[in-house]
Structures are given as structure tokens and as C-alpha cells.
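below: sequence and its predicted model.
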Amino acid sequence: MIKTTPPSQQHILDVDLHLTDANWQHERPSALVVACSDGRLQQNLDDFLHNALGIIDYDRLYTPGGGGALAISGSELLRSDAYRHECQFLLKAHQITDIYFMFHGPSEDGPDESLCADYRRKFPNATAHQVRTQQQIDARELQSVDWGMPVRIHAYRCEVRHDGRVQFVRLL
Ligand SMILES: [Zn+2]
């Protein structure tokens, strides 16, 4: 007797499969990039990492605020602590040697709507200039954290200019 799959399970077995061109990579990247979830800047971030820093492969920790999520920023103790633990796990489990903390927002003459929504949430009354200063403070705070193992800390801010172009400024 031929067994037939019940109609309710057919959609599970009928897999729509896509085979990628590249094989998986055996070697782990040595860099971890901590960046904001904001999808508007992902292509610019990849461009910067690839073409300015020579980083092609990297581990990712994408979360609202990017590096800012790991900074106390005044009152975010529980949240920053939770993300720091996630970060420490990656450093150890993936043998990371370099962390790149990314922040973002408008340049001095950039559009307000490019301000990081997470910083807007944390500092609802702050000007874009004040947020920039806070991000600098947060970057320094991350530099002083004991990450539990030797690791090089880098920090950059991705800035949207008045003409819509995107630039990266070194914070640390
Ligand atoms: Zn953001």
C-alpha cells in the first residue's frame, strides 16, 4: 500500500529551495561590527568596511542604536548590560580581535530625519548636535569597558550630509 502524505503536511515537504553560489567559510572573521539596525545605511556601511578598512567578512551585532545600545547613555543600565554580555559571548566564542562600534546620524549640516531613532528615543529633547556629543561620550565609555579579553576597540559615526552623501568619521 502506498503511503500518501496528508494534505495538511504537504506544504512542509514542498520546499522552495535556493542554492547559493558561494560555499560557507570555514574560517571565522576576526572583526565584530556593532551597528544600528537602520536599513537605510547598510550599503554605505558595507562600502566603508570593504573599501576604507579592507574588511570583507565580519561578525555582526545589529541592534537599534548600534554602539549606543552597549553604552549606559545616562539611564540604560539593564539594556546596555544585556548587550555587553551578548558582545562578550561573541568575542570569546568567535575569537574576535577587533570590535567596530558604529554610530549614526546627520553631519553638522545634515537632515534631521537621518538621526538615529534609538538616540531620539533615549534623548527626545536633544538637538542633533547634542546627540553627536553624546555618541562621542558613549564611544569613550565603550573604550573603557573591560571586555573580558584583549580586544582592539574602534568607533566611527556614519553621517548623512546635506547633499544626501554619507561619510564616516572616526570617533576613537
Ligand atoms: Zn539608528
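That came through, no problem.

and Q143, how many neighbours does it have?
Applying other Cβ atoms under 10 Å, we find 14 residues neighbouring Q143. Using the backbone N, CA and C atoms, a C-beta is placed for each residue, glycine as well.

residues in contact with it?
Taking Cβ atoms under 8 Å, 6 or more residues apart in numbering, we find Q143 in contact with I153, A155, L172.

low pLDDT regions in this structure?
Within the chain, the ranges that satisfy pLDDT under 70 run 1-13, 74.

what does it have sitting close to the ion?
Within reach of the ion by Cβ under 5 Å from the ion, the chain has these residues: C36, D38, C116.

dump the residue contacts of the last one.
What that stands for is C116. So C116 contacts C36, D38, P64, G65, G66, G68, F103, H104, G105, V131 (Cβ under 8 Å, 6+ apart).

those strands in this protein, which residues are they?
Ranges of strands in the chain, per DSSP state E, are 31-35, 59-62, 98-106, 152-160, 166-170.

follow-up on the earlier one: which one of the residues of the chain next to the ion is nearest to W147?
C36 (20.2 Å; Cβ to Cβ).

so the closest one sits right up against H104, yeah?
Yes: at 5.6 Å, C36 counts as touching H104 under the criterion of Cβ atoms under 8 Å.

so what's in contact with the two at the same time?
Between them, C36 and H104 share the contacting residues G66, C116, judged by Cβ under 8 Å, 6+ apart.

S75: which of the strands of the chain is closest?
The nearest among the strands of the chain, by Cβ to Cβ, is strand 98-106 at 18.2 Å.

quick one: the closest one to strand 166-170, angle?
Using axes from the mean of the first three to the mean of the last three Cα atoms, to 10 degrees, one finds that strand 98-106 and strand 166-170 are set 130 degrees apart in direction.

return the list of strands paired to strand 98-106, each annotated with direction.
strand 31-35 (parallel), strand 152-160 (parallel) (DSSP bridges).

how about the residue nearest the centre of the chain: what's its closest non-neighbour residue?
Closest to where the C-alpha atoms of the chain average out (Cα atoms, centre = their mean) is A35, at 1.6 Å. Closest residue to A35 apart from its sequence neighbours, by Cβ to Cβ, 6 or more residues apart in numbering: M102 at 4.0 Å.
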